[in-house]
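Novice: Here is a sequence together with a model predicted from it:
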Amino acid sequence: MTDTPLLEVRGLHAYYGQSHVLQGIDLVLGHEPLAVLGRNGMGKTTLCLALTGLLPSVRGSIRFAGHELVGQAPHRIAALGVGYVPQGRRIFPSLTVEEHLRLVPRRATGTGDVWTPERIYALFPRLAERRRQPAGTLSGGEQQMLAIARALLTNPQLLIMDEPSEGLAPVIVEQLIATLRHLAEGGLAILLVEQRLAVATAVAQRIAIMVGGRIALETTSDRLLADPALQQRYLGVSARRAA
């Protein structure tokens, strides 16, 4: 493993029309998980869209595995090894689980370590049980499994996840955390965008906090959890309420 960053974001600005949403984001990610925390409206989803090429009005630099991503089409960014699990899952309600998995284009890795439907079913046995079921009839947790599975089948080096715990029951959130830890231990780089302090700190030791379209603070999970005043200042929450 190299010390060269997998993802390096420098001076990233992004716009919706005249609205200047991202105002000079700097982030560096190696192969360890990084969580981006922030309240609603701070620009977290805009950051995800900018990184994946889904937001055209972007300036600055996004270097991924030696490639500049700014100006690249979303499908080319995906082909380079960036997987994306969007907020709200974005599954196709009428397609079955199996059909979702068959539709995913696969990125060649040059190694034997690839994601296949069989490997997905081993990771998510519930999806194997529901393989012929329309995705719109799945529970929220099962839909999130499917959204993650769809991203994994592209064989990414980096998995970007936008609010994956949103709307999930506590027991399903615990399963999600365990899955993300398992993927990280397997060498997958994860950029986790979250609003829930407990989820972010359970997955990642490195934490970046967004305020007003900027990275206002970079810290560690341990430091953030140990400092209620810091939580209140940047997130408006305490550890007890965030859990």
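Specialist: Received it, and whenever you're ready, just let me know what you need. Numbers count the residues shown, from 1 in each chain.

Novice: any idea which element the most centrally placed residue in the chain lies in?
Specialist: For the chain, Met161 is the residue whose C-alpha lies nearest the centre (Cα atoms, centre = their mean; 1.6 Å). Element membership of Met161, judged by DSSP states H and E, is strand 158-162.

Novice: Report the backbone C-alpha coordinates of that strand in PDB.
Specialist: Once non-C-alpha atoms are left out, strand 158-162 reads as follows in PDB (Å, rounded to 0.1, in the frame of the first residue of the first chain):
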ATOM      1  CA  LEU A 158     -13.500   4.200  -3.400                       C
ATOM      2  CA  LEU A 159     -17.100   4.000  -2.100                       C
ATOM      3  CA  ILE A 160     -18.900   7.300  -1.600                       C
ATOM      4  CA  MET A 161     -22.000   7.000   0.600                       C
ATOM      5  CA  ASP A 162     -24.500   9.800   1.100                       C
END
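
Novice: Need the residues that contact it.
Specialist: With contacts defined as Cβ atoms under 8 Å, 6 or more residues apart in numbering, strand 158-162 is touched by 6-7, 29, 44-45, 48, 51-52, 64, 81-87, 148, 151-152, 180, 183, 188-193. All C-beta atoms are positioned from the backbone trio N, CA, C, and that covers glycine.

Novice: Just give me how far the following helix or strand past it sits from the chain centre.
Specialist: Next helix or strand after strand 158-162 toward the C-terminus (DSSP H and E): helix 170-185. With Cα atoms, centre = their mean, to the nearest Å as the basis, helix 170-185 stands 13 Å off its chain's centre.

Novice: for the residue nearest to Ser57 when sequence neighbours are not counted, what are its contacts?
Specialist: Of all residues not flanking Ser57 in the chain, Tyr15 sits nearest, at 4.1 Å (Cβ to Cβ, 6 or more residues apart in numbering). Contacts here follow Cβ under 8 Å, 6+ apart; on that basis Tyr15 touches 21, 57-58.

Novice: buried sites along the helix or strand hosting Tyr15?
Specialist: If you go by DSSP H and E, Tyr15 is part of strand 7-16. Across strand 7-16, burial judged by 16 or more other Cβ atoms under 10 Å covers 7-9, 12-15.

Novice: That's all I had, so thanks and see you.
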